[in-house]
Each structure stands twice: as structure tokens, then as C-alpha cells.
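S.K.: got a predicted model here, sequence first, then my questions.
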Amino acid sequence: MNNILFFLTPKAMCSYLYDDYTMRQALEKMEVAGYAALPILNRRGEYRGTLTEGDLLWAIKNVCYMDMRQAEAHRIMEIYRRRDNVPVRVTTSMHDLVDRASSQNFVPVVDDKDAFIGIITRRAIINYCRDLMFPED
């Protein structure tokens, strides 16, 4: 397997946040999506970072002082993010993809113009490896 696009979940099937969302909008979107981390995109579709539940929780405590009304006044790009998931390009090697996925739940994928085209989940890679290693199961 040499093409990372085999593992891609396309943007149309991904949950994501826009960088102009408020903290409250992000919290609601994350609750509906059911994910602990979501990619952040700008309105041009470029990847801007990753927001986790933990990042959001600390921001609500430290920036909004536990007041959900204040969460409507702050944009998510104001939030300190412990770590952004580093994206890969469509031309990234499988070796580099697996290396990146070993430390991230998902790997954002961007094209040569930095437009977000989807994610590759660590689960997709592990399932593929499992099927190769244990085809009879």
C-alpha cells in the first residue's frame, strides 16, 4: 500500500469547526459530533489546527470563568491549544503517515494548496494492519 488516500475520510464526511466559531458553537458542535477532538478550518477550507475537549474545558474555566454566556463572546482561535494535529500532504509516504498517526488520533490531510481534504484516523490504519496480519479472523 503506497497511497495514503486509501485511508482518507473525505472532508464531506468529517466533522470540523470553523476558526470564527465561538467557544459555545464549538462546544455544541463537538457534543453533536461525539468526538473528543475536531479539526479547525478557516472559511477558505485551509487547516488551522485541532481543538480538543480538554482545550475547550480549560478555556471555559480560565477565559470564561465557568460562565457559558461568556463562551458566546470568545472565538475558538483565542483558545490555547495544547497541541495541534500536524497535517500531511497527499504525497506523504506511508511510513511518515504511520509515524504521525502513532501520536495523533487523526491525521489531517491537505492538498498542495493547503486546503483541507479530509482526515485519516489511527483506527483506519490499525484496522488495515489487522486485516493484513490476521486475514482469517
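M.R.: Yep, that arrived.

S.K.: tell me the centre residue of this protein?
M.R.: Closest to where the C-alpha atoms of the chain average out (C-alpha atoms, centre = their mean) is Pro39, at 3.2 Å.

S.K.: could you measure from Ile126 over to Ile119?
M.R.: 15 Å (C-beta to C-beta, to the nearest Å). Every C-beta, even on glycine, is put in place using the N, C-alpha and C of the backbone.

S.K.: any low-confidence regions in the chain?
M.R.: Scanning the chain with the threshold set as pLDDT under 70 gives 1-2, 137.

S.K.: how does it look with 90?
M.R.: 1-3, 60-61, 63-72, 132, 135-137 (pLDDT under 90).

S.K.: ok, which stretches of it are strands?
M.R.: For the chain, the strands defined by DSSP state E occupy 9-10, 17-18, 37-41, 47-52, 88-89, 106-110, 116-121.

S.K.: wait, which of those strands is closest to Asp131?
M.R.: Comparing these against Asp131 with C-beta to C-beta, the closest turns out to be strand 116-121 (15.0 Å).

S.K.: dump the strands of the chain to CSV, plus distance to Leu27.
M.R.: Shown next, in CSV, are those (distance: least, C-beta to C-beta, whole Å):
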stretch, distance to Leu27
strand 9-10, 23
strand 17-18, 10
strand 37-41, 11
strand 47-52, 10
strand 88-89, 28
strand 106-110, 19
strand 116-121, 20
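
S.K.: can you tell me the closest non-neighbouring residue to Ala115?
M.R.: The shortest distance from Ala115 to any non-neighbouring residue, by C-beta to C-beta, 6 or more residues apart in numbering, is to Gly45 (4.7 Å).
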